[in-house]
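[1] Sequence and computational prediction follow.
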Amino acid sequence: MNADWFDFELPEALIAQTPLQERTASRLLMLGKSTGEIRHGSFTDLAERLGPGDVLVLNNTRVLPARLVGAKMDTGAKAELLLLKQLGEDRWETLAKPAKRLKVGTVIGFGDNGGGEPLLLAEVASEGEMGARVVQFRYSGIFQELLDKLGDMPLPPYIKERLEERERYQTVYSKHQGSAAAPTAGLHFTESFLEQLQAKGVELAYVTLHVGLGTFRPMTAERVEDHEMHSEYYELDDENAAIIRTAKLQGRRIVAVGTTSARTLETVAGRFPVGELEACSGWTSIFIYPGYEFKLVDALLTNFHLPKSTLVMLVSALAGRDHIMRAYCEAVEREYRFFSFGDAMFIE
């Protein structure tokens, strides 16, 4: 399968640079996965598309202020690290810039303790491909407090505007810190809108998937099948496993909020028969593209994704490539806002 089949023209002006003032104020494109029927509305129309018994599955990961900008201790040259995965004992997998100048043994300093010394030091311990570096941190105090003080939110590279309010790149239900990027489909929800859905009988369930390295790397393989996904950590606890298991056994719909929730659900479904779903955790590198048969996910709320991305391939697996490409073409024509701070699509 050729990756170019999932390419499309996207005017740069449609890439949303800032969040809307109201989270629920975005537009919503509704797509029938079987029929290809397209309808247009506002995000709050989702309340009409969900009914009693539907289970809305949300990813409650919380984004780390994971972008650190400092200077090399030997030359003073600017250096940047994006924290991706905690490896234990203050070692982290990171993306580094400029990677070519950050060799093993290079030490980077961040912040100032008031006496001319850095608050945080990072030494490059090993080098990987495409800017990947494992670093060892040294510091006094509590690492998370230093990160809150020194770190910036790791906005995707296509967002050029500064984010004035950090919490706008967090979902209102974020809980478990560890992501390098937000599960952006969830950014549309407010607490009051979630309460409105629950009042009409929609049940909420939560999974955790910490978004990692794969989010920041483009697909380079020409054939879809040759692409390798990077692993991301996920968790499903007993309470939420029971909610999802019971709903599925009763024939109720499982509605994933975002591709991260969808990937977590399908990973879990690959470990257990649906009727025997249990709490679990681990690392997933599941790659979903056309030809895949979904086991748990019946419907999906998602944002509009990058051309030729693995996420476009995932939604194409659910609704069919032709339906998705036509929907994206119509979204461009109608000037929907794309990517992290953009509008939403509901596939059912």
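    Nice, thanks for sending it over. The structure displayed is predicted, hence computed values, not measured ones. Numbers count the residues shown, from 1 in each chain.
[2] low pLDDT regions in the chain?
    213-218 (pLDDT under 70).
[3] Could you point out the longest strand of it?
    For the chain, the strand with the greatest residue count under DSSP state E is strand 78-88.
[4] In it, which residues are buried?
    Of the residues in strand 78-88, A79, E80, L81, L82, L83, L84, K85 count as buried by neighbour count, 16 or more other Cβ atoms under 10 Å. Where C-beta positions appear, they are placed from N, C-alpha and C, glycine not excepted.
[5] Excluding residues flanking it in the chain, which one is nearest the fifth one?
    Of all residues not flanking L83 in the chain, A66 sits nearest, at 4.0 Å (Cβ to Cβ, 6 or more residues apart in numbering).
[6] any idea how far that neighbour lies from T259?
    Note on A66: its distance to T259, by Cβ to Cβ, to the nearest Å, is 20 Å.
[7] quick one, which of the two is more surrounded?
    Using other Cβ atoms under 10 Å, the more surrounded residue of A66 and T259 is T259, with 29 against 22.
[8] ok, so of the buried residues of strand 78-88, who is nearest F339?
    Nearest to F339, judged by Cβ to Cβ, of the buried residues of strand 78-88 is L82 at 17.8 Å.
[9] what about the closest residue in space to the closest one that isn't next to it in sequence, which SS state?
    What sits nearest to L82 in space, not counting adjacent residues and going by Cβ to Cβ, 6+ apart, is L95, at 4.2 Å. Applying DSSP: H, G, I helix; E, B strand; the rest coil to L95 yields a three-state assignment of strand.
[10] what number of residues lie near L95?
    Neighbours around L95, by other Cβ under 10 Å: 22.
[11] Test my guess that it contacts E129.
    No. Counting by Cβ atoms under 8 Å, L95 does not reach E129; the two are 10.9 Å apart.
[12] shared neighbours of those two, which are they?
    Residues touching both L95 and E129 (Cβ atoms under 8 Å, 6 or more residues apart in numbering): none.
[13] now the helices: where do they sit in the stretch 51-200 of the chain?
    143-150, 191-199 (DSSP state H, counting those that start in this stretch).
[14] Could you chop the chain up by domain?
    The chain is divided into the following domains under automatic domain parsing: 3-63+165-347, 67-150.
[15] first vs last residue of stretch 63-78, how far apart are they?
    24 Å (Cα to Cα, to the nearest Å).
[16] Work out the gap between that stretch and the centre of the chain.
    Relative to its parent chain, stretch 63-78 has a centroid offset of 24 Å by Cα atoms, centre = their mean, to the nearest Å.
[17] The residue positioned nearest the centre of the chain: what's it in contact with?
    Taking Cα atoms, centre = their mean, the centroid of the chain lies closest to P183, which sits 3.6 Å from it. Counting by Cβ under 8 Å, 6+ apart, P183 touches N59, T61, T171, L209, V211, V257, G258, T260, S261.
[18] which secondary structure elements does the longest strand of the chain contact?
    strand 67-72, strand 91-97, strand 132-139 (3 or more Cβ pairs under 8 Å, 6 or more residues apart in numbering; DSSP states H and E).
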